[in-house]
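S.K.: Give me coordinates for this.
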Amino acid sequence: MTKGQPTLAEVRKWPATVSVSDAARAIGCSRSHLYERVKCGESPVKTIAVGTRSHVVITADLVRLLSGETGGAAA
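M.R.: Numbering: from 1, shown residues only. Coordinates of the predicted model:
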């Protein structure tokens, strides 16, 4: 992944799931802020738990959020 905030076109080319760090960069927030939102069940994007402490973000839901489509997400 590239450094800095990616464009929507770049995010559309990402794999099916991405790290919380990459998703946070795309959204424009910190990794810790997005992880806190996931932990509280208030994530703006759908995530999948990987193990007991880690999550990945579903890229299609990230694209939905960045493109302004409506619809909620659940962690």
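S.K.: ok, and the closest non-adjacent residue to the residue most central in space within the chain?
M.R.: The centroid of the chain falls nearest to A23 when counting by CA atoms, centre = their mean (3.5 Å). Closest residue in space to A23, ignoring its immediate chain neighbours: V57 at 3.8 Å, by CB to CB, 6 or more residues apart in numbering. Backbone N, C-alpha and C define where each C-beta goes, glycine included.
S.K.: Then P15?
M.R.: Looking at P15 with CB to CB, 6+ apart, the closest residue is T59, at 6.5 Å.
S.K.: Any regions of this structure where pLDDT drops low?
M.R.: 1-2, 70-75 (pLDDT under 70).
S.K.: quick one, helices of the protein?
M.R.: For the chain, helices defined by DSSP state H occupy the ranges 8-12, 20-27, 31-39, 59-66.
S.K.: ok so, going back, measure the residue nearest to A23 to Q5 for me?
M.R.: Distance of V57 to Q5, computed by CB to CB, to the nearest Å: 15 Å.
S.K.: do the same with A23
M.R.: In this view, A23 and Q5 are 12 Å apart by CB to CB.
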